[in-house]
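Student: have a look; sequence and predicted model below, questions after that.
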Amino acid sequence: MKTGKAIRQDFISFFEEKGHRFVRSSPVVPIDDPTLLFTNAGMNQFKPIFLDLEKPRYKRVVNSQKCIRVSGKHNDLEEVGIDNYHHTFFEMLGNWSFGDYYKAEAIQWAWELFTDVWGMDPNRLWATVHHTDDEAADLWPKMTDIPPERVLRFGDKDNFWEMGETGPCGPCSEIHYYEGADLSRMSAAGVNVEPEYKELWNLVFIQNNRLEDGSLKDLPAKHVDTGAGLERIVAVLQGKTSNYDTDLFTPIIEHITKITGVPSSEGDGVAHRVLADHVRMLAFSMADGALPSNEGRGYVVRRILRRAARFGRMLERHDPFIYELVDTVTDVMGAAFPEIVEKREHIERVIEAEEASFGETLDRGLEIFARLARDLSSGDVIPGEEAFRLYDTYGFPLDLTELMAREKGLAVDTKGFEKAMGRQRERARGAKKSDVKLEGQEWVTLTEGESSHFLGYATIESEATIRKYRIYEADKLDLILDQTPFYAESGGQIGDTGTITTPGLDLKVVDTQKSAVQGDEEIIHFCEILRGKLDSETKVTAAVDADRRQAIRLNHTATHLLHKALKMVLGDHVQQAGSLVAPDRLRFDFTHYQKVSEKGIKEIEKIVNQVVHEDISLDASVQDFDDARKGGAVAIFGEKYGDRVRVVEVPGFSKELCGGTHVDRTGDIGYFKITSETAVAAGVRRMEAVTGNNVLIYYDQEISSKQAELKRIAASNEELASHLSSELSEVSTMAVSAELQRALDPDSFTLGNVENLEKHLGDLTTATEQLQKEHKVLLRELKKQRKRVSSKELFDDLTLTEIATIRIGFAILDVHDQDEFKDLAVEFKHRLKSGVVVLGTLSEDRPQVVVAVTDDLKAKLPAGELARELGQRLGGGGGGTPILGTAGGRDPSLLQKVLSETPAVVQHRLERQNG
Ligand code: SER
């Protein structure tokens, strides 16, 4: 039997012999194309060649492309696992002609490889062509020995191939293979209809470009793009009807069986297939830099992982285990795709973390779903609100809920889901000040003409003309100008503030936002009226708050430097996942799977400060999107870029697409300091940092707060120490004071010297930690001591009585914690030697009781039983073991009464036993 690996190699060698050049698969995360979530076809990486934006290095190419189809135009997700030949991740073998050979060769070679080289039965093969493509229809019988009646014509749906809504496309011709057992049942009617007719190879004749308006344009040259699904071909050549029975999958399926103890032959095998499929998708997408998150590509990854986890539950696995399968995926695929071997550990960790975090809510969500489903019958619809609750509270992606519903013959009200989601978004937005302002009142046009031309890269003050205004409250005014130096919030950078003035009017601009107004994107200045009122005067002076803007510029450039430094220190998988650029700080979210070490943080700071120190002059230019990307500019995924983009470059260091405002030279940043590093979600970390003067302010604040903390701990230590009995006197408050003195040494405090400050802060931190340790020890000692004193005193408060020679002690006490409460009851019982102790207390205004019984009486008077009886009398409940019980109620006024009934309760119980 030929292995999958050998079959892949056969394909490549066959076309190499025909003058093709082998090229590596491009990543499944398309780096060049923000319009695409995942690489969904071999042609993605060649799009610029087809569109004549790039000259091909070779005219004939062969490759095996990693593809993911879970969203967009080509989306096979619903079929995956249910049938045995659709996948979220698969390999597409392809041969390519860039303006070189065309239909005849493509057809001839495909047939030759299938029938001559691989020996497929020609009697089982069918060819299809686009119904208008007479040329291809004629070529099939001419170039191959296929009988003309097995060449069929189909419409656009089957035989016109497009990657997405726009882009290069063309008519195609497919080869289908009939895998049914009985050849006599094979007929034309089954092609493109019945599952036994598998589409194996698609030959696309790329000759058009689909434009945004839906029209087709001829391309300057004609190309060939073929795609053959490796998994399906391997199945045919290995004589299997299921892709999952080929050697590309069996090791993974076996591993699942081994981990879960459930063989795939048990039941319908869907769970095994889904898991085997999904773990490949996860491994390959993560190897190329995708990570689970709540939006875009990251959410697709999360959805797939959660689906997989849910199928794991069907095999009774409730703890993380999918990550263990990655090992087998790398065994099977690692030779062809070394990236998954290199990134194995990273992939495993991310999957495990995500499994663990979803695992916590998954079981609960499944219960809720089961309850929902129980009350419905086949054909019913799960309300959108419920689907949304599963999504919002239990992390169930909508398609997972839909899938589970389908399994039960139910549907999901997806419109209702969207509505619930929309409502939640509105609620979230309602909280945001600026958005609220964007609703409501009409805009009034004051002057006609172009508007919102942004001048703020070059200047922060300019003359301008008011185009439109909107009045909210008596003292509030929103303005749109013809041109403005004010930057409207975008790309993480917050909006400018400043002033707008005319001779009769002084306005304070409190925020600047971008928004569509009457169909155009405008820069809106949100203003407060300080003096005067709007009259017929339309000429204004608009001036941005210079200091604030300068602080923002520092932070924005520092964000780029940080982004690059993170990649250098942590690796290329780091991608920007969000940012905030404010005057006083910057925040940067990025994909990374673990905490960044103290050492890593220092290294990142060092790199950034080095670039700051080099005082490099920045370049900003507007370029064509494609040129910018070719030049290596980093695009942020999820951002929409037009054809013309602004590129901000720190020459020799970083290059990003960015519309923000930046410093002229890196030296302007002064100094860069990371102030925190935390987790935002599995696989996403957040760093906050400060620059320039804010670094000094940061140190100043940190030092003050450390000093205050030291003083507080030292004082509290002293207080604690003075409370302690003589046996603790060796804890020297002298040591504490000496530590404090050293830490507060004013000589080392020089604002001008950042490094000194840093060292000083380090010393303070050490001193604080030392004191905190002591503080803990002191607290522990004090607690012990208090207990010793108090328990003796408290025992004297016990009301003691005797019923039938059994000693009973009860009292109401004021205690601070539950443990102390129980400890006291146990201690009192030992003091009694033989007897029953009942203690009551009020905890958060609720009556609580603890009952302790000595061993000799536990059979006669089990503590748990007494507690239950007392609990009932308190209007609540109780229970416990024969030696210790607890009870609680609601009404605090009952405590005294119930406690005094203790002797009666004991008596009652004894009587019942005797009687
Ligand atoms: N682009 C075509 C497909 O994806 C052929 O490679 O099917």
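Tutor: Thanks, I have the structure now.
Student: OK, contacts around whatever residue of the stretch 151-300 of the chain ends up closest to the ligand?
Tutor: Taking CB to the nearest ligand atom, the ligand has its nearest neighbour within the stretch 151-300 of the chain at G227, 2.4 Å off. Where you see a C-beta, it was placed from the backbone N, CA and C, and this is true even at glycine. Neighbouring residues of G227 by CB atoms under 8 Å, 6 or more residues apart in numbering: 41-43, 65, 92-94, 201-202, 204.
Student: repeat for Y244
Tutor: 84, 250, 253, 264, 269, 272-273, 276.
Student: surely it is within a helix?
Tutor: Yes. Assessed by DSSP: H, G, I helix; E, B strand; the rest coil, Y244 belongs to a helix.
Student: for the stretch 401-550 of the chain, which residue gets nearest to the ligand?
Tutor: L403 (25.3 Å).
Student: wait, what's in contact with that residue?
Tutor: Contacts of L403 (CB under 8 Å, 6+ apart): 78, 307.
Student: if we go to 7 Å?
Tutor: R307 (CB atoms under 7 Å, 6 or more residues apart in numbering).
Student: looking at this, it is in a helix?
Tutor: Yes. Assessed by three-state DSSP, L403 belongs to a helix.
Student: tell me the contacts of the residue of the stretch 301-450 of the chain at minimum distance from the ligand?
Tutor: Taking CB to the nearest ligand atom as the measure, the stretch 301-450 of the chain has A336 as its residue closest to the ligand, at 18.2 Å. Residues counted as contacts of A336 (CB under 7 Å, 6+ apart) are 5, 8, 64.
Student: where does it sit: helix, strand or coil?
Tutor: coil.
Student: and it, how far is that from P847?
Tutor: 71 Å (CB to CB, to the nearest Å).
Student: repeat that for S452.
Tutor: 67 Å.
Student: got it, and T559?
Tutor: Counting by CB to CB - T559 and P847 are separated by 57 Å.
Student: do the same with K198
Tutor: In terms of CB to CB, K198 sits 73 Å off from P847.
Student: same question for Q65.
Tutor: 71 Å.
Student: and the closest residue to I82 other than its chain neighbours, how many neighbours does it have?
Tutor: Nearest non-adjacent residue to I82, counting by CB to CB, 6 or more residues apart in numbering: V270, 6.3 Å away. V270 is flanked by 17 other residues according to other CB atoms under 10 Å.
Student: ok, F11 next?
Tutor: 22.
Student: which parts of the stretch 301-450 of the chain are strands?
Tutor: In the stretch 301-450 of the chain, the strands defined using DSSP state E, counting those that start in this stretch lie at 381-382, 411-412, 444-445.
Student: which one of those strands is the most hemmed in?
Tutor: Burial of the strands of the stretch 301-450 of the chain is given as mean neighbour count (mean count of other CB atoms under 10 Å); strand 381-382 ranks first at a mean of 20.
Student: for the stretch 701-850 of the chain, give me the ranges with low pLDDT.
Tutor: Flagging of the stretch 701-850 of the chain using pLDDT under 70 yields the residue ranges 721-754, 785-790, 816.
Student: for it, just list every one of the helices.
Tutor: 733-743, 754-795, 818-832 (DSSP state H, counting those that start in this stretch).
Student: which of the ones you listed is buried the deepest?
Tutor: helix 818-832 comes out most buried of these by mean count of other CB under 10 Å, with a mean of 17.
Student: may I have that one as CSV, with CA atoms only?
Tutor: What follows is helix 818-832, C-alpha atoms only, in CSV (Å, rounded to 0.1, in the frame of the first residue of the first chain):
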residue,chain,number,x,y,z
GLN,A,818,-16.1,29.7,61.5
ASP,A,819,-13.0,27.7,62.3
GLU,A,820,-12.5,29.6,65.5
PHE,A,821,-16.1,28.9,66.4
LYS,A,822,-15.8,25.1,65.9
ASP,A,823,-12.4,25.0,67.6
LEU,A,824,-13.9,26.6,70.7
ALA,A,825,-16.7,24.1,70.9
VAL,A,826,-14.2,21.2,70.6
GLU,A,827,-12.0,22.8,73.2
PHE,A,828,-14.9,23.3,75.6
LYS,A,829,-16.0,19.8,75.2
HIS,A,830,-12.6,18.5,76.2
ARG,A,831,-12.7,20.7,79.2
LEU,A,832,-16.0,19.2,80.2
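Student: for that helix, the distance to its chain's centre please.
Tutor: 50 Å (CA atoms, centre = their mean, to the nearest Å).
Student: hang on, the earlier thing: which of the contacts of A336 fall in helices?
Tutor: 5, 8 (DSSP state H).
Student: got a winner among the contacts of A336 for most neighbours?
Tutor: Going by other CB under 10 Å, S64 tops the contacts of A336 with 22 neighbours.
Student: what about it, distance to T854?
Tutor: S64 is 79 Å from T854, by CB to CB.
Student: ditto for L580
Tutor: 64 Å.
Student: what's the closest residue in space to N609 that isn't next to it in sequence in contact with, if anything?
Tutor: Distance criterion CB to CB, 6+ apart; nearest residue to N609, sequence neighbours excluded, is F672 at 5.5 Å. Counting by CB under 7 Å, 6+ apart, F672 makes contact with 558, 605, 608-609, 612, 689, 691.
Student: what do you get for R807?
Tutor: Counted by CB under 7 Å, 6+ apart, R807 has contacts 800, 832, 834-835.
Student: just list whatever residues bridge to it.
Tutor: Counting by DSSP bridges, R807 is bridged to E802.
Student: now the residue nearest the centre of the chain: phi and psi?
Tutor: Centroid-nearest residue in the chain, with CA atoms, centre = their mean: S293, separated by 1.7 Å. Main-chain torsions, S293, degrees, to the nearest 10: phi -160, psi -170.
Student: correct me if wrong: it contacts L305.
Tutor: No. Look at S293 against L305 with CB atoms under 7 Å: they stay out of range, at 11.2 Å.
Student: which residues touch K343?
Tutor: So K343 contacts 286-287 (CB under 7 Å, 6+ apart).
Student: I'd like to know how many residues surround A309.
Tutor: 25.
Student: ok, now which ones touch it?
Tutor: Contacts of A309 (CB under 7 Å, 6+ apart): 322, 355, 358-359, 362.
Student: how about A420?
Tutor: So A420 contacts 384-385, 388 (CB under 7 Å, 6+ apart).
Student: give me the subset of those residues touching the ligand.
Tutor: Taking CB under 6 Å from any ligand atom as the test, the ligand is in contact with none of the contacts of A420.
Student: make CSV out of those and add distance to F526 and neighbour count.
Tutor: Putting the contacts of A420 into CSV (distance: CB to CB, whole Å; neighbours: other CB atoms under 10 Å) gives the following:
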residue, distance to F526, neighbour count
G384, 35, 19
E385, 35, 14
F388, 33, 23
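Student: ok, K198 and P847, which is more surrounded?
Tutor: P847 (26 against 20).
Student: next one: the helix or strand that contains Y177 to chain centre, how far?
Tutor: Y177 is part of strand 167-178 when elements are defined by DSSP states H and E. On the basis of CA atoms, centre = their mean, strand 167-178 sits 36 Å off its chain's mean C-alpha point.
Student: each with direction, which strands does that strand pair with?
Tutor: strand 125-130 (antiparallel), strand 160-162 (antiparallel), strand 197-210 (antiparallel).
Student: past the first one, which element shows up next along the chain?
Tutor: Put plainly, it is strand 125-130. Next along from strand 125-130, by DSSP H and E: helix 134-143.
Student: touching stretch 844-858 from outside, list them.
Tutor: By CB under 7 Å, 6+ apart, stretch 844-858 touches 806, 821-822, 825-826, 828-829, 832-841, 861-863, 866-867, 870, 874, 878, 882-892, 894-895.
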